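Engineer: fold the stuff below for me.
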Amino acid sequence: MWSFVQNKKQQAWQWLAISRRTRQVVACVVGKRNLRNCRKLWKALPYRYRKAQAYSDFWKAYKKVWGSSVTQVGKDSGQTSYIERFNGTLRQRLAQFVRRTLSFSKCWKKHLLRLELFLHRYNLDRARNLRLYGTPFGR
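Structural biologist: Here you go, the predicted model:
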């Protein structure tokens with residue numbers, strides 16, 4: 001998912017990895033959409049997730065970095081629905097991530113801080129729901 005800081009030429013791609021079981025964000029990298037940041041996301045993943053099956057879109061960098069552990073699928077397959085739903089949630093709750101908006105980030109530091117705070121709160125909510133209800137969604 002992409003957003004921008006100051007102007008649309010300064011794109012900020014949010015690289016996210018989400019656990020299918022808990023719906024928690026397990027790794028996040030913010031930066032350009034390039035091979036270097038794809039490698040950063042791979043290194044940010046907890047070790048046990050590196051061995052798990054992953055699903056991504058058809059961007060070539062995923063195959064180069066993740067190798068055979070990634071299956072590239074289209075959005076219509078349903079395999080990327082969790083990350084697409086999370087992107088929608090992020091856009092709905094943080095105005096800076098809406099595609100066309102007047103509420104854009106003016107400072108990289110604040111942009112990253114807002115995202116980090118949101119991810120921590122989101123993951124805490126998922127963990128609480130798992131503990132209380134046995135499901136990441138609540139009742």
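Engineer: buried set for stretch 75-93?
Structural biologist: 79-80, 82-83, 86-87, 90-91 (16 or more other CB atoms under 10 Å). The C-beta positions use only the backbone N, C-alpha and C, and glycine is treated the same way.
Engineer: chain center to the lengthiest strand in the chain, what's the gap?
Structural biologist: Using DSSP state E, we find that the single longest strand of the chain is strand 7-18. Strand 7-18 sits 10 Å away from the centroid of its parent chain (CA atoms, centre = their mean, to the nearest Å).
Engineer: repeat for stretch 47-61
Structural biologist: Offset of stretch 47-61 from its chain centre (CA atoms, centre = their mean): 13 Å.
Engineer: only C-alpha atoms, please: export stretch 78-88 in PDB.
Structural biologist: Extracted in PDB, the C-alpha atoms of stretch 78-88 (Å, rounded to 0.1, in the frame of the first residue of the first chain):
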ATOM      1  CA  GLY A  78      -8.900 -14.600  -2.100                       C
ATOM      2  CA  GLN A  79      -5.400 -15.500  -0.800                       C
ATOM      3  CA  THR A  80      -4.500 -11.800  -0.300                       C
ATOM      4  CA  SER A  81      -7.900 -10.800   1.200                       C
ATOM      5  CA  TYR A  82      -6.500 -10.400   4.700                       C
ATOM      6  CA  ILE A  83      -3.900  -7.800   3.700                       C
ATOM      7  CA  GLU A  84      -6.400  -6.000   1.400                       C
ATOM      8  CA  ARG A  85      -8.900  -5.800   4.300                       C
ATOM      9  CA  PHE A  86      -6.100  -4.500   6.600                       C
ATOM     10  CA  ASN A  87      -5.200  -1.800   4.000                       C
ATOM     11  CA  GLY A  88      -8.900  -0.800   3.900                       C
END
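Engineer: show residues contacting it.
Structural biologist: For stretch 78-88, the external contacting residues (CB atoms under 8 Å, 6 or more residues apart in numbering) are 1, 16, 18, 20, 23, 25, 55-57, 71, 73, 75.
Engineer: list the contacts of Ala52.
Structural biologist: Ser69.
Engineer: where does it land in three-state SS?
Structural biologist: Secondary structure, DSSP: H, G, I helix; E, B strand; the rest coil: Ala52 is coil.
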